[in-house]
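S.K.: Following is a predicted model, sequence given first.
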Amino acid sequence: GMPLKAAIKIDAVDRQYYELEIKPLASRHPNVEIVGEITEQEKSEFLGKAYAVLFPIRWPEPFGLVMIEAMACGTPVIATRFGSVPEVMADRRSGFIVDSVEEAVEAVEKVGSLDRAGVRQVFEERFSVERMVSEYEALYNQLVNERQERSKKATPGLSTLPR
């Protein structure tokens, strides 16, 4: 009975599938509302007011920006264990990583026990600007050092030859 709001972008290539499959399915459930695409300005309020964000991905998502955006708002995420989900989320701290629909339903019931400030803290620990810059800087320094070491090994020492 909980309302489900879906903010989705429908590309031209997906329009027919949306009209034939998704829209009729959603219209049969009065608690489902498809709000369509939202702007960057609307995103914080939409995600921040949500009880949780459902992320039932079924492909190897390389990053999952939606999870990061939700966590930045302090909103727990319920996501299936695909792609980057286990790396992005802290299971039972920023939400729940699930392996089935049944586990997702159980997670919805448990999500209220999570501390929203704790969800935001996971975001800060993993994805704040400071953390990202620090990690990129460390990686850059590591690559520079490795390149310098390879150069030293590849360039033989200079020697003088008698004339």
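M.R.: In hand now; what should we look at?
S.K.: which residue ranges form the strands in the protein?
M.R.: Using DSSP state E, the strands of the chain run over residues 4-6, 32-34, 53-55, 77-80, 95-98.
S.K.: Return the most buried member of those strands.
M.R.: When the strands of the chain are scored by mean count of other C-beta atoms under 10 Å, the highest mean neighbour count falls to strand 77-80 (a mean of 26). In this view, the C-beta of every residue, glycine as well, is placed from N, C-alpha and C.
S.K.: returning to that earlier point: now the strands of the chain as CSV including distance to residue 65 and mean pLDDT?
M.R.: Below are the strands of the chain laid out as CSV (distance: least, C-beta to C-beta, whole Å; pLDDT from 0 to 100):
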stretch, distance to residue 65, mean pLDDT
strand 4-6, 17, 96
strand 32-34, 20, 96
strand 53-55, 11, 97
strand 77-80, 12, 98
strand 95-98, 15, 98
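S.K.: Output the ones you listed in JSON lines; the columns should cover distance to residue 128.
M.R.: JSON lines is the format used below for those (distance: least, C-beta to C-beta, whole Å):
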{"stretch": "strand 4-6", "distance to residue 128": "27"}
{"stretch": "strand 32-34", "distance to residue 128": "32"}
{"stretch": "strand 53-55", "distance to residue 128": "19"}
{"stretch": "strand 77-80", "distance to residue 128": "17"}
{"stretch": "strand 95-98", "distance to residue 128": "18"}
